[in-house]
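*Asks:* The following comprises the amino acid sequence and a computationally predicted model.
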Amino acid sequence: MQRIVMMANAAINPAAVEVCNGIDDDCNGLSDDGLTFVTYYADADVDGYGDATVAQSTCNGAPVGYVIDATDCDDNNAAVNPAAAEVCNGIDDNCNGLTDEGLTYLTYYVDFDGDGYGDANAAGVSSCNPIVGSVTNNNDCDDNNAAINPAAQEVCDGIDNDCNGLTDDALTFVTYYADADGDGYGDATISQSTCNGAPVGYVTDATDCNDANAAVNPRCY
């Protein structure tokens, strides 16, 4: 017949002090009674902030990988916690329930021709991060031509090169007169004003009294 020997523990008796060990040390029918239990929360990403949904309550300190804080909103990302700085990434970095708050937003406009000026006809996009291929102004009057923008120099070409709403402005225009008979003297009644020199068949003089006869002109006297 097998004999079972019960080992006695002198530390367990009605006079003993209850300690945190999962045992009924004072023989009152309860384990770890009268002790202070603290709830700790899993800190999987080790950022010092715990996950409120994963907890353990103990009377002998925090289990390994647990902390007393329960305010981490993403315990898989150490960069996300209540102490983190909010950055422009579409994430609630500081666990305050808001995304990208307190950041500076700018309106960006597409810059198709890459001249540093955005398309005046494009819709703006608000962003706290720069947008590749876009700029923060919409001053380009022709975003398909890099030579046309507010910084361009106005040239004589019938185009608003500097996007100020005017064509060939601030240029010197000269009036030329038709010289149909080629005698070097023009007809005052037929003229063109240009900023890029005389048109073919025109001269600056306007004193020909008969532009159909080369023999008639102010040189004839």
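*Replies:* Alright, I've got the coordinates. Residues are numbered from 1 along each chain as shown.

*Asks:* contacts and neighbour counts: CA atoms only from here.
*Replies:* Noted.

*Asks:* Break the chain down into its domains, please.
*Replies:* Here the domain assignment for the chain is 9-84, 172-221, based on automatic domain parsing.

*Asks:* and of those, who's closest to residue 117?
*Replies:* Between residue 117 and these, the shortest gap by Cα to Cα is with domain 172-221, which sits at 27.3 Å.

*Asks:* Using a markdown table, please lay out the domains of the chain together with distance to residue 148 and mean neighbour count.
*Replies:* What follows is these, written out as a markdown table (distance: least, Cα to Cα, whole Å; neighbours: other Cα atoms under 10 Å):
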| stretch | distance to residue 148 | mean neighbour count |
| --- | --- | --- |
| domain 9-84 | 45 | 17 |
| domain 172-221 | 19 | 17 |
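
*Asks:* could these go into a markdown table alongside mean pLDDT and distance to residue 104?
*Replies:* Below are the domains of the chain laid out as a markdown table (pLDDT from 0 to 100; distance: least, Cα to Cα, whole Å):
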| stretch | mean pLDDT | distance to residue 104 |
| --- | --- | --- |
| domain 9-84 | 94 | 17 |
| domain 172-221 | 94 | 46 |
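
*Asks:* helix or strand for the residue nearest the centre of the chain, which one?
*Replies:* Geometric centre of the chain, nearest residue: residue 129, 2.2 Å, by Cα atoms, centre = their mean. Under the criterion of DSSP states H and E, residue 129 resides outside all helices and strands.

*Asks:* looking at the domains of the chain, which is closest to residue 137?
*Replies:* Using Cα to Cα, the nearest of the domains of the chain to residue 137 is domain 172-221, at 30.8 Å.

*Asks:* now do the same end-to-end measure for stretch 136-152.
*Replies:* Start to finish, the residues bounding stretch 136-152 are 18 Å apart (Cα to Cα, to the nearest Å).

*Asks:* Which positions within that stretch qualify as buried?
*Replies:* 136, 137, 138, 139, 140, 141, 142, 143, 146, 148, 149, 150 (16 or more other Cα atoms under 10 Å).

*Asks:* And for it, what's in contact with it?
*Replies:* 106-109, 111-115, 117-122, 160-164 (Cα atoms under 8 Å, 6 or more residues apart in numbering).

*Asks:* ok so, going back, quick one: pLDDT of the residue nearest to the centre of the chain?
*Replies:* Looking at residue 129, its pLDDT stands at 97.
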